[in-house]
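Novice: Here is my input, please return the structure:
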Amino acid sequence: MMRRDVFQAIADPTRRSILMSLTTEPKNVNNLSDQFDMTRQAVSLHVKYLQECGVITVKKEGRERYCSLEVQKLAEVADWLEPFRKMWTGKFSQLNNLLDELQSESK
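Specialist: Model (predicted):
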C-alpha cells in the first residue's frame, strides 16, 4: 500500500468537507453521506482514504462506523504553514508601518 499523508487527505474538496464536518463531533458514515451529493459508497471511499492518511479514526459500534478527527495529525498542516504565516505577518506589519508614515506626512 502506498504511504499516504495529511496533505493528500486535504488535497480533495470532499475530504476537506468531511474533515470540517467532524470538527464538532464524531459522525457515522451514514450521517456523512447525507451531507454530500454522492453515493454512500463514494463517501466510504473518502473515509477510507482519510483513515489511511491518519487524519481520522473509524470505530465500529454495533453496525455503525463512527468517524473522529485525529487533531494531532492535522497539526502537521499548521506546522507546515507556520513559516508562511510568519512571512505574511511580517509583510502586513511593514504595510502598517508604511501606512502610518504616509498618514503622519499628510497631517
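Novice: Counting neighbours, what do you get for K27?
Specialist: A count of neighbours around K27, defined by other CB atoms under 10 Å, yields 19. All C-beta spots, glycine's among them, are computed from the backbone N, C-alpha and C.
Novice: scratch that, N28 is what I was asking about
Specialist: Residues near N28, counting by other CB under 10 Å: 15.
Novice: Next: the one 3 residues further on.
Specialist: Residues contacting N31 under the criterion other CB under 10 Å number 15.
Novice: Could I get the pLDDT score of it?
Specialist: In this model, N31 is scored at 93, pLDDT.
Novice: the helices in the protein, which residues?
Specialist: 6-9, 13-21, 29-34, 40-53, 71-105 (DSSP state H).
Novice: wait, what's in contact with E101?
Specialist: If you count contacts by CB atoms under 8 Å, 6 or more residues apart in numbering, E101 has none.
Novice: ok, back up a step: between the helices of the chain, which one is nearest to G62?
Specialist: helix 29-34 (12.5 Å; CB to CB).
Novice: I18 against V43, yeah?
Specialist: Yes - I18 lies in contact with V43 (CB atoms under 8 Å); the separation is 7.5 Å.
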